[in-house]
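Predicted model and sequence follow; I will ask about them next.
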Amino acid sequence: MSLLTEFESIVRSGEPLAPHTWFHLGGPAEYFAEPRTIEELQMLVRRSVDEGIPLRLLGGGSNVLVRDEGVPGMVVRLSAPAFSDIAAKGRRVTAGGGAKLGHLISVSVREGLAGLEPLVGIPGTVGGALNGNAGSRGGDIGQWTCRATVMTRSGDLLVRERDDLTFAYRESSLDELAIVAAEFELEQEDPEELTKRMQKYWIVKKAAQPLGHQSAGCIFKNPRGMSAGMLIDQAGLKGSRVGGAEVSDLHANFIVADASATSQDVLRLIDLIRSRVAERLGVDLETEIEVW
Ligand code: EPU
């Protein structure tokens, strides 16, 4: 039996990926799967491994650029309710890897649990946030994480405890195929104070970043002690364009795309920014987004 027949209720072939990403760009996935349970995910992973089909996990699509030619193999998305539960108990909150980070933040704040509120406004899923240790100047998700349940590339389910996890700037040791669920230990605080603080973070962020646009957050990592956005701005690149992709006038570390843009436009603009910043300021920028 072919993989498509066996998993026909959860796997589609040739699925356009653009609508699943914030950039709204790029080609299709050869196979695209939305398993409904952990067991289904496990069977799918094992079967794909047996058939030599490469697997990738797509979170909220807010930190990824899909190439125009699309991606070979299987793209898996944990969009089913089984992967998006959020529950608070005492100082602990558990969340499915497919839950929205924003949802986790609002549940925590409502429960009077502090720690994640500086991350307000960061799009994407809890799994994606953990994989890239999403954060802001106020902190990152890793510092509050005490446990994660992951699925390895061979389909084994593992629980990884705090001592076994390392997080650094936009980096995490949670690099298995999928983060199925995670647990956070937060600090008790008055929900009203906490809500006010979160609102302040949100206002500052909204004023500084082009959040409503077709984009993928910051394109480059900040080099140690510097801001990539400031460097790109100093290199005079705000407003620079390749086709339908443009360096944001609001924050130079964002590329915004218009309806005519292709992924190739964004990639060419990334190259242009990198070479201009290296040439004018002597700094090599490294991308933060994933290019598929
Ligand atoms: N700046 C400019 N021009 C610009 C952008 C920024 O001069 O076009 C200056 C600002 O005026 C400020 C400094 O650069 O003095 C730093 O800017 P900002 O506060 O916006 O922070 P950032 O270092 O550019 C980082 C994260 C953001 C996060 C913000 C706020 C990275 C690559 N960026 O940006 O994260 O939201 O701090 O905490 O780490 C992301 O990772 O996708 C992201 C958007």
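Ah, there it is. Numbering: from 1, shown residues only.

Enumerate the beta-bridge partners assigned to Glu161.
Note on Glu161: beta-bridge partners Arg147, judged by DSSP bridges.

What parts of this structure come near the ligand?
Within reach of the ligand by CB under 6 Å from any ligand atom, the chain has these residues: 136-137, 208, 217-218, 221-222, 227-230, 233, 251-253, 288. All C-beta spots, glycine's among them, are computed from the backbone N, C-alpha and C.

Least confident of these?
In terms of pLDDT, Arg137 ranks lowest among these, with 87.

Could you pull up the residues touching that one?
Pro118 (CB atoms under 8 Å, 6 or more residues apart in numbering).

Now the two most distant members of the residues of the chain next to the ligand.
Farthest-apart pair in the residues of the chain next to the ligand is Ser136 and Asp233; separation 18.9 Å (CB to CB).

Neighbours of Ala168, how many?
10 (other CB atoms under 10 Å).

Apart from its neighbours in sequence, what residue is nearest it?
Distance criterion CB to CB, 6 or more residues apart in numbering; nearest residue to Ala168, sequence neighbours excluded, is Asn133 at 6.9 Å.

helix or strand for that neighbour, which one?
Element membership of Asn133, judged by DSSP states H and E, is empty: it is in no helix or strand.

For it, what are phi and psi?
phi 40, psi 60 (degrees, to the nearest 10).

circling back to that earlier point, can you tell me which of the residues of the chain next to the ligand are buried?
Gly217, Cys218, Lys221, Asn222, Ser227, Ala228, Gly229, Asp233, His251, Ala252, Asn253, Glu288 (16 or more other CB atoms under 10 Å).

Okay, buried residues for stretch 8-16 please.
Ile10, Val11, Glu15.

would you turn those residues into TSV with secondary structure and distance to Leu186?
Putting the buried residues of stretch 8-16 into TSV (DSSP: H, G, I helix; E, B strand; the rest coil; distance: CB to CB, whole Å) gives the following:
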residue	secondary structure	distance to Leu186
Ile10	coil	34
Val11	strand	37
Glu15	strand	36
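
Show me which of those residues is closest to the ligand.
Of all the buried residues of stretch 8-16, Glu15 has the smallest distance to the ligand: 25.6 Å, by CB to the nearest ligand atom.

ok, the closest one - contacts?
Contacts of Glu15 (CB under 8 Å, 6+ apart): Pro28, Ala29, Tyr31, Phe32, Val75.

just Gln209 next, same as before
Gly121, Leu250, His251, Phe254.

Could you work out the most separated pair of those?
Of all pairs in the contacts of Gln209, the most separated under CB to CB is Gly121 and Leu250 at 13.7 Å.

Which one's more surrounded, those two?
Neighbour count, other CB under 10 Å: between Gly121 and Leu250, Gly121 has more, with 20 against 14.

Torsion angles phi and psi at that one?
The phi/psi pair for Gly121 (degrees, to the nearest 10) is phi 90, psi -10.

just checking, Phe7 touches Leu41?
No: counting by CB atoms under 8 Å, Phe7 sits too far from Leu41 to count as a contact (10.8 Å).

which of the two has more neighbours?
For Phe7 and Leu41, the more surrounded residue by other CB under 10 Å is Leu41, and the numbers stand at 26 against 20.

Look up how far Thr5 lies from that one.
18 Å (CB to CB, to the nearest Å).

Repeat that for Arg160.
35 Å.

okay, these two: which has more neighbours?
Taking neighbours as other CB under 10 Å, Arg160 and Thr5 compare with Arg160 leading, 17 against 8.

surely that one meets Met151?
No: at 11.4 Å, Arg160 and Met151 do not qualify as touching, with contact defined as CB under 8 Å.

just to revisit the earlier point, select from the buried ones among the residues of the chain next to the ligand every entry located in helices.
Ala228, Gly229, Asp233 (DSSP state H).

Distance to Gly52 added to the residues you listed, as CSV?
Listed next are these as CSV, based on distance: CB to CB, whole Å:
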residue, distance to Gly52
Ala228, 38
Gly229, 42
Asp233, 46
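
Output the lowest mean pLDDT helix or strand found in the chain.
helix 3-6 (a mean of 80; mean pLDDT, DSSP states H and E).

How about the contacts made by Ala182?
Counted by CB under 8 Å, 6+ apart, Ala182 has contacts Thr94, Ala95, Gly97, Val126, Gly127, Leu130, Thr145, Arg147, Ala148, Thr149.
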